[in-house]
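Participant: Okay, sequence plus prediction incoming.
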Protein chains: 2
Amino acid sequence: MPHNQSRVTEALRASGRRLTTQRAQVLAALHDLPGHSTVDQIHARVRDCGGNEVALSTVYRNLDALVAMGLVAAFTGASGGTTYEWTAEAHHHLLCDGCGHTQEVALHALDALAREVQRDHGFVADMRHLAIHGRCAGCRDSEER
Amino acid sequence: MPHNQSRVTEALRASGRRLTTQRAQVLAALHDLPGHSTVDQIHARVRDCGGNEVALSTVYRNLDALVAMGLVAAFTGASGGTTYEWTAEAHHHLLCDGCGHTQEVALHALDALAREVQRDHGFVADMRHLAIHGRCAGCRDSEER
DNA sequence: GACGTTATTGCTATAGTTCGCACTAGCCAC
DNA sequence: GTGGCTAGTGCGAACTATAGCAATAACGTC
């Protein structure tokens, strides 16, 4: 994590956190792994790449901290398992309750929604990662029959 | 659950399910308990009111079934625990990542969002219960300082 | 009302996640 | 560079939620 280490360190400082070796290892693993990763994958990656062992509970705690800081997005999939990924750019998930398939999309109507929430309720919504449940076209077709 | 039992029974039949005494007890508990309830609360309520004991796993399975049928809404709160409630009318949750406070609101911009999702992705979104993360006004004020 | 099919239950085992506590190590001030 | 405060870590236990399997009981049919 050479190039954006400063950004991360800054964010850590701002929230009163510290940059420990374990946290750096988790960050590096998250940065290397493509797309959504499970806790196990992140833990394994840390074990394989980093020098020293990191406790599983530490991985969980660091992921929670990074999510709280907004650097990482947590996402509860259809199968129940939670996955994590770098918050690169805003994208959203359409999660089919029929087949469990998830689809990543960009949604423009969310801007209007965010404005409504802020105007009417004084609430600043974090719309970078939103999971929307429903039925995909395929499942509705097969249910018609 | 006298008055809407027929509606529930109908929905059960339609999805090929059966109305067991345990399921009826869970339904009654959900109906009695106000607002969001945890699995433990529901289980305790069933134990206290109903005659016979219901296994915790049965409560979980029934809640899942009811959620799948759309009669009950599941909601993952800030503290991690999942809560359940009757799907009365569509309402949404603003979940503050700062103080953990949740606020129930009605959001009109979601209609536009649902239309966009269906038009662009052929996906029929279930917008009856949506949790939006962010920061409430109070937390932003105290963070300014 | 009796029968057969099969969804459902209870129990137990298991996976996944969080918590408590003593110890360690970042970070800041000097 | 040294010292102190406290966030963070590791370990294990506790907790939440799910899955497998044999036994049971709803429901439709006769």
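Facilitator: Structure received.
Participant: what about the closest residue to A:Thr58 other than its chain neighbours, how many neighbours?
Facilitator: Among residues not flanking A:Thr58 along the chain, A:Gln22 sits closest, at 5.3 Å (CB to CB, 6 or more residues apart in numbering or on different chains). Yep, even glycine has a C-beta here, placed from its N, CA and C like the rest. Neighbourhood size, A:Gln22 [other CB atoms under 10 Å in any protein chain shown]: 18.
Participant: Identify the residues contacting A:Gln22.
Facilitator: Residues in contact with A:Gln22 (CB atoms under 8 Å, 6 or more residues apart in numbering or on different chains) are A:54, A:58, A:62.
Participant: out of those, who's nearest A:Ser15?
Facilitator: For the contacts of A:Gln22, the minimum distance to A:Ser15 (CB to CB) is 13.0 Å, reached by A:Asn62.
Participant: so which of the contacts of A:Gln22 comes closest to DNA strand D?
Facilitator: Distance to DNA strand D, by CB to the nearest atom of the strand, is smallest for A:Thr58 among the contacts of A:Gln22, at 3.2 Å.
Participant: follow-up on the earlier one: after whichever strand or helix holds the residue nearest to A:Thr58, next one along is what?
Facilitator: Assigned by DSSP states H and E, A:Gln22 belongs to helix A:21-32. Per DSSP H and E, the first helix or strand lying C-terminal to helix A:21-32 is strand A:37-38.
Participant: which residues sit against that next one?
Facilitator: Under the criterion CB under 8 Å, 6+ apart, residues A:29-30, A:45, A:81-85 lie in contact with strand A:37-38.
Participant: Please apply the same query to stretch A:109-120.
Facilitator: For stretch A:109-120, the external contacting residues (CB under 8 Å, 6+ apart) are A:92, A:123-125, A:127, A:130, B:94, B:105, B:107-110, B:112-113, B:115-116, B:132, B:134.
Participant: on contacts alone, who are the packing partners of the lowest-mean-pLDDT helix or strand in chain A?
Facilitator: Least confident element among the helices and strands of chain A, by mean pLDDT, DSSP states H and E: helix A:137-144 (a mean of 76). Under the contact criterion of 3 or more CB pairs under 8 Å, 6 or more residues apart in numbering or on different chains; DSSP states H and E, helix A:137-144 touches no helix or strand at all.
Participant: hang on, the earlier thing: does any part of the helix holding A:Gln22 sit near DNA strand D?
Facilitator: Yes - with CB under 7 Å from any atom of the strand as the criterion, DNA strand D is reached by helix A:21-32 at A:22-23.
Participant: Please, a ChimeraX command that selects the buried ones among the contacts of stretch A:109-120?
Facilitator: To isolate the buried subset of the contacts of stretch A:109-120 in ChimeraX, counting by 16 or more other CB atoms under 10 Å in any protein chain shown, use the following:
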select /A:92,123,124,125,127,130 /B:94,107,109,110,113,116,132,134
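Participant: Just the ones of the contacts of stretch A:109-120 in strands?
Facilitator: Those of the contacts of stretch A:109-120 mapping onto strands are A:92, A:124-125, B:94, B:105, B:132, B:134, per DSSP state E.
Participant: Can you tell me which of these lies closest to A:Ser6?
Facilitator: Closest approach between the ones in strands among the contacts of stretch A:109-120 and A:Ser6, by CB to CB: A:Val124, at 25.6 Å.
Participant: Identify the residues contacting that closest one.
Facilitator: So A:Val124 contacts A:114, A:117-118, B:134-135, B:140 (CB under 8 Å, 6+ apart).
Participant: top of those by neighbour count?
Facilitator: Highest neighbour count within these, by other CB under 10 Å: A:Val117, with 22 neighbours.
Participant: Kindly report the residues of chain A close to DNA strand D.
Facilitator: Counting by CB under 7 Å from any atom of the strand, the residues of chain A near DNA strand D are A:12, A:16-18, A:20, A:22-23, A:52-55, A:57-58, A:61-62, A:65, A:80.
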